[in-house]
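Chemist: return a 3D structure for these sequence lines:
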Amino acid sequence: MLKTCLLAFLLLTLALSVSAEEITVAAAADLQFALKDVSARFEKQTGNKVNLIFGSSGNFFSQIQNGAPFDVFFSADLDYPRKLEAAGQAEPHTLYQYATGKIVVWVRNDSKLDLSKGLAVLLDPSINKISIANPAHAPYGRAAMAALDHEKLSEKVKDKLVLGENVSQAAQFIDSGSAEVGIIAMSLAVAPAMKEKGRYVEIPAEFYPPLQQGCVVLASSKKKTAALAFVEFLKKDEIADLLKTFGFGK
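Modeler: As a prediction, the model looks like this:
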């Protein structure tokens, strides 16, 4: 009986190892910490592997249009995967809005800036550099500029803006001291790697267009079974709860 059970276990292990796949996921930089947790859970439960590459949504969109070999695309802007779907570059019926992002004003713990002022703190004369993601291709940069426009601050601070390639780099500029303050994703501000280093104040959602974030399986993927499974995994209640802990809304 013991030998039979052992043989069954070995066969199951072999089957899993044979069927396991590694997918490559292009993901918006605001997911740098959250998606690592999601992927770890997915890998543990399925045996599949997830190779995560983080960057700006706009740059990934351009790369995918030019044939980049990704399996799944996680965008900080729902419009990018929608455009891929319309162009036939996304697997039909796989587009999924997994979260809504939020932006915050973030400073290091040693900063003396008064964040209770909200965005108005950016007018403090002690500030030389304000970090945001590049609005040309980063949705969080566009949200930052929309919030500044809403409060009529864009012209007043434009000469102090420094642009990160993506929102993660924008956060690094503040963390390193290259900028005194910045507007970044809440998902980065509340992540363990940054939570102990700084403090933040949330920017009211009505100051900027909704950061509706979506993912899609790419039509060019050669690992569609695992890619589809990963997107389906996102729809579990436990993943929705996990994303909430990183400051995402639905």
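Chemist: give me the pLDDT value at residue 238.
Modeler: If you check residue 238, the pLDDT there is 94.
Chemist: cool, residue 250 as well?
Modeler: Listed pLDDT for residue 250 reads 79.
Chemist: just residue 146 next, same as before
Modeler: 98.
Chemist: ok, now which ones touch it?
Modeler: Counting by Cβ atoms under 8 Å, 6 or more residues apart in numbering, residue 146 makes contact with 207, 208, 209. In short, each C-beta sits where N, CA and C put it, glycine included.
Chemist: contact partners for the first one?
Modeler: This points to residue 207. Per Cβ under 8 Å, 6+ apart, neighbours of residue 207: 119, 146, 147, 150, 151.
Chemist: skip the chain neighbours and tell me the closest residue to residue 163.
Modeler: residue 134 (4.2 Å; Cβ to Cβ, 6 or more residues apart in numbering).
Chemist: just the buried residues of the strand or helix carrying residue 200, please?
Modeler: Per DSSP states H and E, residue 200 falls inside strand 198-202. Buried positions in strand 198-202, judged by neighbour count with 16 or more other Cβ atoms under 10 Å: 198, 200, 201.
Chemist: same check, this time on stretch 139-151
Modeler: Those would be 139, 140, 141, 142, 143, 144, 145, 146, 147, 148, 151, for stretch 139-151 by 16+ other Cβ under 10 Å.
Chemist: next one: stretch 84-99
Modeler: So, applying 16+ other Cβ under 10 Å, buried residues of stretch 84-99: 84, 85, 89, 90, 91, 94, 95, 96, 98, 99.
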